[in-house]
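Novice: Using only what follows, build the 3D model:
(chains A and B)
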Amino acid sequence: MGAVVQIYEDYKKRADFLTVYVREAHPTDEWQMKSNLKDKDDVCYAQPKTLEQRVMIANDFVKRFKFTLPFGIDDMSNAANDAYAAWPERIYIIDESGRIAYRGGIGPFNYKPEEAREWLAARYGAASSTPAPSAAAK
Amino acid sequence: MNRFWKWTAGIFGVLFVAAFAALSYMAGSPKDACGMVRYALPHMHRGTLKVGSDAPDARIVALDGVSRFHIRERTHERPLVLVFGSFT
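Specialist: This next block holds a predicted model:
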C-alpha cells in the first residue's frame, strides 16, 4: 500500500481517492499465507462473517498503518467487489464523466500502482516523487 | 483395461502432476496451491469492465460502520482513483 499512499500524497490536490476494503484475501480460516504469520504486525484475521467484523478489521488497518486515504468498506453483499471484479486487489480510475479511464490488473501479480501514477502524470504532469516511466498504462 | 485406456489415464496423470507442480511453484508450496484452487480461483475474475465503460455504482459503508455513501457521489468534479484491497 506504500506506493498508493505516495500517489495519494502526490496527486490528492488534483484527483479524489477512495480505498474500498473488500473480503479478506488470506484469512486464518481459509488460505493463510506464511508471510502473514511472520509479519511483524501480526496480520491474522478470520474471514469476517458480519459487517461489524469487517468494520472492526478495516478500522484496525487504518489505525495500525496510519492510513491516510479516504476509506470505505464493501458491505456483506460484496456489491462493489462483484461490480469491479476487485478481489484480491485492484485499481481503477474513473473520470469526471463517470467512465472507466484506467483499469488495473488483478493483484497480486498484475497489481501495478505505477500504472495509475502514469495515468495521473500524463494528465497532470509528473509529481516530484514520480519514478521513471516503465510499462505503458493500460 | 485395454492399451488405449492405459495410455489415456497415464497421459492425464502426468498432466495433472505437472499442473499441480507448476501451481505449487507459482503459489509457493503444495499447500498454497490447494489454497489457491479452493479459495482464490473462485473469487478471481477479470470482470467485464473496460476503459470507456460506465463505472458501476455500489453502496459503501463508512469506517464508522453506520454511514453509507455511493461511489458515484465521488465522481463528479475530478478523477476518482479507486483502490480495492484487504488487510491480509
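
Novice: All the helices of chain B, residue numbers only.
Specialist: B:3-27, B:30-35 (DSSP state H).

Novice: Low-confidence regions, the chain specifically.
Specialist: Let's take chain A. For chain A, residues meeting the criterion pLDDT under 70 lie at A:34-42, A:128-138.

Novice: my question was about chain B
Specialist: For chain B, the stretches flagged by pLDDT under 70 are B:1.

Novice: Smallest gap between it and chain A, at which residue?
Specialist: B:Gly47 (2.7 Å; Cβ to the nearest Cβ). In short, each C-beta sits where N, CA and C put it, glycine included.

Novice: rewinding a little: could you dump the helices of chain B to CSV with mean neighbour count?
Specialist: Shown next, in CSV, are the helices of chain B (neighbours: other Cβ atoms under 10 Å in any protein chain shown):
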stretch, mean neighbour count
helix B:3-27, 11
helix B:30-35, 16
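
Novice: Enumerate every residue touching the one residue in chain A that gets nearest to chain B.
Specialist: Taking Cβ to the nearest Cβ, chain B has its nearest neighbour within chain A at A:Ala85, 2.7 Å off. By Cβ atoms under 8 Å, 6 or more residues apart in numbering or on different chains, the contact list for A:Ala85 reads A:106, B:45-49.

Novice: at 10 Å instead, please
Specialist: Shown in contact with A:Ala85 (Cβ atoms under 10 Å, 6 or more residues apart in numbering or on different chains): A:92, A:103, A:106, B:43-49, B:84.

Novice: Filter the residues you listed down to the ones in strands?
Specialist: Secondary structure defined by DSSP state E assigns A:92, A:103, B:84 of those to strands.

Novice: If we only consider these, which is nearest to B:Arg72?
Specialist: For B:Arg72, the nearest member of those is A:Tyr92. The distance, counting by Cβ to Cβ, is 13.2 Å.

Novice: neighbours of that closest one, just the number please.
Specialist: When neighbours are counted by other Cβ atoms under 10 Å in any protein chain shown, A:Tyr92 registers 24.

Novice: which among the contacts of A:Ala85 end up buried?
Specialist: A:92, A:103, A:106, B:43, B:47, B:49, B:84 (16 or more other Cβ atoms under 10 Å in any protein chain shown).

Novice: Include distance to A:Thr28 when you put these into JSON lines, please.
Specialist: Putting these into JSON lines (distance: Cβ to Cβ, whole Å) gives the following:
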{"residue": "A:Tyr92", "distance to A:Thr28": "29"}
{"residue": "A:Arg103", "distance to A:Thr28": "31"}
{"residue": "A:Ile106", "distance to A:Thr28": "23"}
{"residue": "B:His43", "distance to A:Thr28": "17"}
{"residue": "B:Gly47", "distance to A:Thr28": "28"}
{"residue": "B:Leu49", "distance to A:Thr28": "31"}
{"residue": "B:Phe84", "distance to A:Thr28": "21"}
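
Novice: Show me the beta-bridge partners of B:His70.
Specialist: Under DSSP bridges, the beta-bridge partners of B:His70 are B:Arg59.

Novice: Show the contacting residues for it.
Specialist: B:His70 makes contacts with A:72, A:80, B:57-60, as judged by Cβ under 10 Å, 6+ apart.

Novice: same thing with A:Val4?
Specialist: A:17, A:19, A:67, A:69, A:89, A:91, A:111, A:113, A:116-117, B:81, B:83, B:85.

Novice: Longest helix in chain A, by number of residues?
Specialist: Using DSSP H, we find that the single longest helix of chain A is helix A:51-64.

Novice: Just give me how far it sits from the chain centre.
Specialist: Mean-position distance between helix A:51-64 and its chain equals 15 Å (Cα atoms, centre = their mean, to the nearest Å).
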